[in-house]
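S.K.: Pasting the sequence and the predicted model now:
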Amino acid sequence: MPESSMLNLSDLQANIVRGYSAQLARHFAISLPDAVSGTRLLQDLLPDRAQSWPTVTVADAWQRAGGQKPRYCLMVGLTSAGLAKVGVPPSTLDHFPKRFVEGPARPTDIVKRLGDDGPSDPSFWILGAPEGPEVHMMLSLFIHEDDPEFLDVNASALAEKVHRHGASILSSHDAKALPGNKVHFGFRDSIAQPRIKGVPRKSEIPDMQPECNPGEFLLGNGYQNQYDGNFLGDIPPELGTNGSYGAFRILQQDVVSFEKLIEETERRYAIDKEEVAAKLMGRWRDGTPLELSPNGDTEAGEIRLNDFDYAPSASHPSYFDDSSGLRCPIGSHIRRMNPRSGRVMGQPHSRRMIRRSMPYGPEYKGGDDECSIERGLIGYFIVGDLEMQYEFVVATWGNLDYSQAGLRGTRDPIIGAQPVEKGKFVIRTNDTRDPIVLNDLPRWVTTRGSVYCFFPGIAGLNFLASLAP
């Protein structure tokens with residue numbers, strides 16, 4: 001790796017390429033009245049261990065502390081409107097990608113392809129709605145331990161600093177890890193995060209997917225992305241180097257409806273409901289991949305949760321060929337969102353994303369009385385290019401109707417924006433029966449809010465903080 005492309009963790013915000021593994025989080029949506037307010041707030045948020053309020057956490061913070069993670073992690077992201085508000089000139093903003101500048105609620109066809117129509121239409125959003133207040137900054141405070149009091153104390157200190165500079169908190173949104181690190185649908189979470197070259201790891205866990213270059217997620221600094229280029233473009237290096245983009249999403253999950261469908265399918269087709277859930281997801285609820293345990297009678301073990309593929313590849317020519325989807329349905333969630341070595345409109349192992357999200361709302365306990373309780377997932381999808389990674393994966397791999405066996409007439413069964421007449425899903429069987437075709441998949445995920453953020457590197461934050469008139 002050339003010297004210019006070596007990772008400089010001291011210039012990166014934490015929780016971008018290196019996961020913090022939080023138990024609690026609080027996200028603040030901030031409105032800035034003017035450049036003075038914005039730049040002075042940024043000055044007070046720059047990394048400084050001596051402050052009595054939370055400041056931006058640097059990616060090498062736990063290396064400095066002998067491997068001990070800090071008790072909190074603060075991330076700062078700015079929207080396109082926020083960059084303009086703190087004084088970034090239009091001539092510079094013109095160099096930022098169009099998708100970032102327009103934001104997720106733009107009135108174009110891509111919004112529908114992302115599934116933000118019907119109940120997910122931006123006009124209904126509680127954050128980022130086109131007619132709502134303009135969001136300029138997101139402050140995301142993550143807490144390593146399950147200590148609500150520590151969260152409240154630090155969140156209050158952060159809120160006081162925001163108000164002291166004349167800025168407004170438009171809304172705040174809490175998240176809390178569920179027991180067993182699961183999402184509300186009951187599946188184990190955060191398994192297939194990309195491994196990034198140069199990022200320290202506790203141990204080397206086997207993974208059939210190759211390491212990602214830092215340029216898949218970071219701008220500038222000589223990094224290369226999967227297309228042998230760099231996502232910095234013409235953004236000034238003093239602002240863009242070591243920056244990333246994040247799609248912040250609030251995604252409501254209809255767990256009651258999900259559980260009803262897998263139970264009804266069990267009764268109708270004599271297939272265990274847990275197998276139905278596994279076929280929809282591509283993993284058993286404990287995280288074991290169907291490719292390694294098609295019948296659920298083998299535990300892959302912690303070390304092999306991500307060590308699989310769907311067919312032989314140049315790197316693994318002897319691997320089991322499941323190109324027909326007998327073990328793991330071709331249309332399952334994890335197979336559509338990450339085809340691994342499969343060449344789906346591009347290179348293998350491409351368009352990876354880092355997900356820094358957590359559940360919100362109470363854990364599902366069962367029963368129809370929970371229909372009125374809102375729960376879901378909230379946080380960031382972090383990428384180097386919003387259009388080529390996040391939007392492509394959701395709109396094309398998630399919601400596009402492919403003319404291919406196992407995919408024709410379907411969308412992603414978990415996050416897909418199913419049509420009004422409901423969606424379809426195909427489960428192949430290994431006996432004499434015809435494939436099981438589910439024709440009544442409802443929409444289980446509803447977008448409740450979204451903004452697109454730019455996460456500057458530490459030098460970029462200092463640059464923005466120096467723009468004060």
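M.R.: Structure's in. What do you need? Residues are numbered from 1 along each chain as shown.

S.K.: wait, I382 sits on I354?
M.R.: Yes. Counting by CB atoms under 8 Å, I382 touches I354, with 4.1 Å between them. In this view, the C-beta of every residue, glycine as well, is placed from N, C-alpha and C.

S.K.: higher neighbour count, these two?
M.R.: Neighbour comparison, I382 and I354: the larger count goes to I382, with 27 against 23 (by other CB atoms under 10 Å).

S.K.: on that earlier part again, shared neighbours of I382 and I354, which are they?
M.R.: Common contacts of I382 and I354 (CB atoms under 8 Å, 6 or more residues apart in numbering): 16, 217.

S.K.: helix or strand right after the helix or strand harbouring K279?
M.R.: Taking DSSP states H and E as the criterion, K279 maps to helix 273-281. Using DSSP H and E, the helix or strand that follows helix 273-281 in sequence is helix 333-337.

S.K.: Show me what that next one is packed against.
M.R.: Using 3 or more CB pairs under 8 Å, 6 or more residues apart in numbering; DSSP states H and E, the elements in contact with helix 333-337 are helix 273-281.

S.K.: Measure how far the helix it packs on is from the centre of its chain, please.
M.R.: 22 Å (CA atoms, centre = their mean, to the nearest Å).

S.K.: Quick one: mean pLDDT for that helix?
M.R.: For helix 273-281, mean pLDDT rounds to 97.

S.K.: In PDB, could you pull the C-alpha coordinates for that helix?
M.R.: Written as PDB, here are the backbone C-alpha positions of helix 273-281 (Å, rounded to 0.1, in the frame of the first residue of the first chain):
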ATOM      1  CA  LYS A 273     -41.800 -21.000  11.000                       C
ATOM      2  CA  GLU A 274     -38.200 -20.600  12.000                       C
ATOM      3  CA  GLU A 275     -37.200 -22.100   8.700                       C
ATOM      4  CA  VAL A 276     -39.500 -19.600   6.900                       C
ATOM      5  CA  ALA A 277     -37.900 -16.700   8.800                       C
ATOM      6  CA  ALA A 278     -34.400 -18.100   7.900                       C
ATOM      7  CA  LYS A 279     -35.400 -18.400   4.200                       C
ATOM      8  CA  LEU A 280     -36.600 -14.800   4.100                       C
ATOM      9  CA  MET A 281     -33.400 -13.500   5.800                       C
END
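
S.K.: Which positions within that helix qualify as buried?
M.R.: The neighbour-count check on helix 273-281 (16 or more other CB atoms under 10 Å) flags 275-281 as buried.

S.K.: what residues does that helix touch?
M.R.: 185-187, 258, 261-263, 265-266, 284-285, 290, 296, 328-329, 332-334, 413-414, 425, 427.

S.K.: From what I see, L139 and L158 are in contact.
M.R.: Yes. With contact defined as CB under 8 Å, L139 counts as touching L158 (6.4 Å).

S.K.: intersection of neighbour lists for the two?
M.R.: Among the neighbours of L139, those also in contact with L158 (CB under 8 Å, 6+ apart) are 28, 74.

S.K.: now G186: how far from L305?
M.R.: 16 Å (CB to CB, to the nearest Å).

S.K.: my bad, should have said E145
M.R.: 24 Å.

S.K.: Those two: who's more crowded?
M.R.: Counted by other CB under 10 Å, E145 and L305 do not tie: L305 has more neighbours, with 21 against 13.

S.K.: and whatever helix or strand R26 lives in, what's its mean pLDDT?
M.R.: Using DSSP H and E, R26 sits in strand 24-31. Throughout strand 24-31, pLDDT has a mean value of 98.

S.K.: Please save the CA atoms from it in PDB.
M.R.: These are the backbone C-alpha positions of strand 24-31, laid out as PDB (Å, rounded to 0.1, in the frame of the first residue of the first chain):
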ATOM      1  CA  LEU A  24     -27.100   3.300  23.900                       C
ATOM      2  CA  ALA A  25     -27.300   6.200  21.500                       C
ATOM      3  CA  ARG A  26     -29.000   9.500  21.200                       C
ATOM      4  CA  HIS A  27     -29.100  11.400  17.900                       C
ATOM      5  CA  PHE A  28     -29.700  15.100  17.800                       C
ATOM      6  CA  ALA A  29     -31.000  16.900  14.700                       C
ATOM      7  CA  ILE A  30     -29.600  20.500  14.800                       C
ATOM      8  CA  SER A  31     -30.600  23.700  13.100                       C
END
